[in-house]
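1. pasting the sequence and the predicted coordinates here, then a few questions.
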Amino acid sequence: MRTAAILLLILAPAGGAQALADTARSAPAPAEWQTFDVLVDFENLPRTYSCDDLWYRFRDVLLQLGARAYMTITPYDCGYPGGGAARSPHVEVEFQLPRVLHGAATRYAQLSVVDASVRLAPGSPRSLDAHDCDLVTQLEGTLFAALPLQIERSDFHCSVSPPSFALTVDARVAAPAAGPPPAAAAATVSQR
């Protein structure tokens, strides 16, 4: 029992349960996974990103937006340590986001989701920093524009020093799994 609790803490995104509780705005709804395949073409980024840098940033942003953990991220024309400065990389992403089901289709539900406000800013997710301002600006106009997401708030100050940004997106994220009622949890502990 103790091992399972530790694994859940390790696998859950940092602050995930609290962040979801703070931003959830609806009752859970039945949903299924919808597949997306998007090619993002960046243009003249002010800094060079390695393919690993791009992979981690895309993974972390997509997970924060409610994407299924299984995804394929393929960066092209990236920079690499000691190599040339590739400022216009391309990233192909294949991933799944939840889509709410209605009526008779609810019987095919694969998960329950809630509407949530997801904030992208330096440190949220952890792989983003203030110098990713132009990267996130271009994500807003490319990747996010291709998805069923609604931008709530967009605040970019990329040309100042230090740069800063904050982007708030309406997204559907998996509803937290309901735990056992308090009486059942107490009964489980007492059976040891």
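-> Ah, there it is.
2. can we go C-alpha only for contacts and neighbour counts from here?
-> Fine.
3. please report phi then psi for Leu135.
-> phi -60, psi -50 (degrees, to the nearest 10).
4. that one contacts Leu45, doesn't it?
-> Yes. Under the criterion of CA atoms under 8 Å, Leu135 makes contact with Leu45 at 6.8 Å.
5. center of this protein - which residue?
-> Gln64 (2.2 Å; CA atoms, centre = their mean).
6. what pairs with the longest strand seen in the chain, parallel or antiparallel?
-> The single longest strand within the chain, with elements called by DSSP state E, is strand 29-41. Strand 29-41 has the following strand partners under DSSP bridges: strand 90-100 (antiparallel), strand 111-120 (antiparallel).
7. how far off centre is stretch 148-155?
-> Centroid separation for stretch 148-155 versus its chain: 14 Å, with CA atoms, centre = their mean, to the nearest Å.
8. same check, this time on stretch 110-128
-> Centre-to-centre, stretch 110-128 and its host chain are 5 Å apart (CA atoms, centre = their mean).
9. could you check the angle strand 90-100 makes with the host helix or strand of Thr74?
-> Using DSSP states H and E, Thr74 sits within strand 72-76. If you take axes from the mean of the first three to the mean of the last three CA atoms, to 10 degrees, strand 72-76 sits at 160 degrees to strand 90-100.
10. returning to what we had before: now the strands paired with strand 29-41 in JSON lines, with distance to Thr74, mean neighbour count and mean pLDDT?
-> Below are the strands paired with strand 29-41 laid out as JSON lines (distance: least, CA to CA, whole Å; neighbours: other CA atoms under 10 Å; pLDDT from 0 to 100):
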{"stretch": "strand 90-100", "distance to Thr74": "5", "mean neighbour count": "20", "mean pLDDT": "97"}
{"stretch": "strand 111-120", "distance to Thr74": "22", "mean neighbour count": "22", "mean pLDDT": "95"}
